[in-house]
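Asker: What follows is a predicted protein model with its sequence.
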Amino acid sequence: MSSKALCNDASRILSNIPRYRFWNGQWREAFGSVEWDKDFYPSIDSEGKQRENKYEFRSIDINNDGQSDVVIKETGMLRSALWDWLYVMAPDEFRSLRANRTIGKSLGIIQQLNPGNAVIFTNKQEAVPTEMQIWRHGSKNYIVMRELQFSTEEHKDPASAYVAELRGPLGAPINRRGNRTLIPRMVCKFKQK
């Protein structure tokens, strides 16, 4: 399927979502449901208390290379809004970290789509999407990302939505050195009203 047809489908879906569904994450449902498995990892909060951080994961071929990857999604509140953080790793490595309950310690060093809360695309454009959804379109997987509208007294950024795809090898070993940022190819960009 062509990028134009993909973008037309995404535009149609976005334009049919009622405005109120964008404020609580329900917009994701318009792009299909992803059945995430749920788990948690132990951590210690700023007061020294033990707590459980929830995360979701899904085994899926996120870069469409015919091999399964594990996508980990953490969702939390930041700036009074929902934020998603996406990580990708090899299935064997994920199983090992999960069995040893060391997922939390590893999130800072595994490949991530939005470290520092920003996404850098292959065309060097940057975005600050707060919410993300995996979208199966035809025979490929894409990531739909939605920005919130951030504003200050001096500056107001328009909200945008993106459809992107990951390409190339993913799930590099976590002990590798160097850049851990996943850089997707931007397929479509939409300005939200």
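Answerer: Happy to help now that I have it.

Asker: From here on, just use CA atoms for contacts and neighbour counts.
Answerer: Noted.

Asker: Okay, the residue nearest to the spatial centre of the chain and L113: tell me how far apart.
Answerer: Residue closest to the average C-alpha location in the chain (Cα atoms, centre = their mean): L86, at 3.9 Å. Using Cα to Cα, to the nearest Å, L86 is found at 6 Å from L113.

Asker: can you tell me which residues contact K73?
Answerer: Contact analysis of K73 by Cα atoms under 8 Å, 6 or more residues apart in numbering lists 55-57, 84-87.

Asker: ok, and the most crowded of the residues you listed?
Answerer: Counting neighbours by other Cα atoms under 10 Å, Y87 comes out on top of these with 24 neighbours.

Asker: Work out for me the element that one sits within.
Answerer: Element membership of Y87, judged by DSSP states H and E, is strand 81-89.

Asker: who does that strand pair up with?
Answerer: Using DSSP bridges, the strands paired with strand 81-89 are strand 69-78 (antiparallel), strand 111-112 (antiparallel).

Asker: And the average pLDDT for it is what?
Answerer: For strand 81-89, the mean pLDDT works out to 87.

Asker: Check stretch 46-62 too.
Answerer: The average pLDDT for stretch 46-62 rounds to 91.

Asker: So Y41 versus N16, what's the distance?
Answerer: When Y41 is compared with N16 (using Cα to Cα), they lie 37 Å apart.

Asker: Give me the more crowded residue out of the two.
Answerer: Y41 (15 against 10).
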